[in-house]
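Novice: task: produce atomic coordinates for the following.
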Amino acid sequence: MDYDDSREAQREMLLNKLLFDGFSVGMAHRMADILAEEVSPADPLLTRIAKVQGHLKDIADLLPALEAELRVRQTAFEELRVKAEQTERYAALHKDHADAVQKLVDENRKTALTEATEAIASEFVKELAKTSRDGKKQQVRYFLLGLLGSVPLGVAGNFVFEWLA
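Specialist: This next block holds a predicted model:
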């Protein structure tokens, strides 16, 4: 390989590098010409550019695998997000059911408490009425016993007083 071939290889390498970096074709050709004239074949810059090109090719080879992995992870993330939303909907649905059951239990408790209070109150009123009747009967009995006891005692007392006087 003579000097002109290596110079042409350097120019091609620089041109590929510039095109890869996004320069326009015309601009890349002009810059490659300028750089090829200024650089000698043993220049370490060319060696570094060649290494960079090798690394860029490695990166270009790995990029599809990375993109595929990213798509897989995005798909898995999307599935997890959908499952999380579904779980939240189920939780909200179950919360609605739990709230409805709690409301029903509270209403039943209030109804039962009201019924129990009414039953106790009616029993109390019945017991109070019975006690009142029993008290009246007892008072009538005491009145009759007082009459039965006081009249004969009064008559006997009058006889004794008359006899003594």
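
Novice: run through the strands of this structure in chain order.
Specialist: Shown for the chain, no strands are assigned by DSSP state E.

Novice: where does this protein have its least confident helix or strand?
Specialist: Lowest by mean pLDDT, DSSP states H and E among the helices and strands of the chain is helix 25-38, with a mean of 61.

Novice: so Val151 versus Gln138, what's the distance?
Specialist: 21 Å (Cβ to Cβ, to the nearest Å). Every C-beta, even on glycine, is put in place using the N, C-alpha and C of the backbone.

Novice: please apply the same query to Leu128.
Specialist: Computed with Cβ to Cβ, the distance linking Leu128 and Gln138 is 15 Å.

Novice: now do Lys83
Specialist: Applying Cβ to Cβ to Lys83 and Gln138 gives a distance of 80 Å.

Novice: residue ranges of the helices in this protein, please?
Specialist: With DSSP state H as the criterion, the chain has helices at 3-20, 25-38, 44-164.

Novice: next up, the contacts around the residue nearest the centre of the chain.
Specialist: When Cα atoms, centre = their mean is applied to the chain, the residue found nearest the centroid is Glu88 (6.8 Å). Shown here is Glu88, which makes no contacts under the criterion Cβ atoms under 8 Å, 6 or more residues apart in numbering.

Novice: can you check Asp106 too?
Specialist: With contacts taken as Cβ under 8 Å, 6+ apart, Asp106 has no neighbouring residues.

Novice: I'd like the distance between it and Ala112.
Specialist: When Asp106 is compared with Ala112 (using Cβ to Cβ), they lie 11 Å apart.

Novice: contacting residues for Gly154?
Specialist: Counting by Cβ under 8 Å, 6+ apart, Gly154 has no contacts.

Novice: hang on, I meant Phe143
Specialist: If you count contacts by Cβ under 8 Å, 6+ apart, then Phe143 has nothing around it.

Novice: look at it and report its pLDDT.
Specialist: At Phe143 the predicted local confidence, pLDDT, stands at 89.

Novice: please apply the same query to Val125.
Specialist: You'll see Val125 listed with a pLDDT of 86.

Novice: got it, and Ala129?
Specialist: Reading off the per-residue confidence, Ala129 sits at a pLDDT of 85.

Novice: and Gln53, how many residues sit next to it?
Specialist: When neighbours are counted by other Cβ atoms under 10 Å, Gln53 registers 15.

Novice: thanks again, I'm all set now.
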